[in-house]
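Engineer: heads up, no residue letters with this:
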């Protein structure tokens, strides 16, 4: 009886591998060597192993992964919107018209994103500030200063500092933000 079960399981295992789905990441090809022998070549996807020293470090990275995946789309959208507003402002020469347009843009952005942004945690807010700098090449303070004026930027910076944030913080992909950069790279390559 054991033998029949073992043979049945072995047969199922061997035939099941023939029904495996291809994900598109693995490439198979073969070439002929000296006209008599054929060699199969398989290109496998890149595998990134992230080693952790202990469980606490793994949990920290897992939380960071969750937070980056949550706020990265907002950072990407901010880069697109900033480019859009820069293009619109370049077409308007009158300063009063520019101010009016930016107030209207701020109103629309608040209507569209205020609830989502208010639901972010403190950590997600800090990561978002850094990712906006990464995506736009400008700190959040500089963006507010350029679009809404120095007084508004100072006001927002003061409020942010009261809550322990800094709108002037810059993204450091090779230093303290290297884990964020690693996660963003994985997202951009489609690994996450």
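Structural biologist: Done, it's in. Keep in mind the model is a prediction, meaning the values are calculated, not measured.
Engineer: longest helix of this structure?
Structural biologist: Taking DSSP state H as the criterion, the chain has its longest helix at helix 55-91.
Engineer: can you give me the mean pLDDT across it?
Structural biologist: Helix 55-91 carries an average pLDDT of 89.
Engineer: Now do the helices in the protein.
Structural biologist: In the chain, the segments counted as helices under DSSP H are 2-16, 55-91, 95-118, 122-136, 140-148, 150-162, 178-188.
Engineer: what's the closest of the ones you listed to residue 40?
Structural biologist: Closest to residue 40 of these is helix 2-16 (CB to CB; 18.3 Å). Just so you know, the C-beta spots here come from the backbone N, C-alpha and C atoms, and that holds for glycine as well.
Engineer: confidence score at residue 23?
Structural biologist: Here, the pLDDT recorded for residue 23 equals 45.
Engineer: brain fart, residue 113
Structural biologist: 83.
Engineer: number of nearby residues for it?
Structural biologist: Counted with other CB atoms under 10 Å, the neighbours of residue 113 add up to 14.
Engineer: now swap in residue 99 and tell me
Structural biologist: By the criterion of other CB under 10 Å, residue 99 has 14 neighbours.
Engineer: From residue 89, how far off is it?
Structural biologist: 10 Å (CB to CB, to the nearest Å).
Engineer: repeat for residue 131
Structural biologist: For residue 131, the distance to residue 89 (CB to CB) stands at 23 Å.
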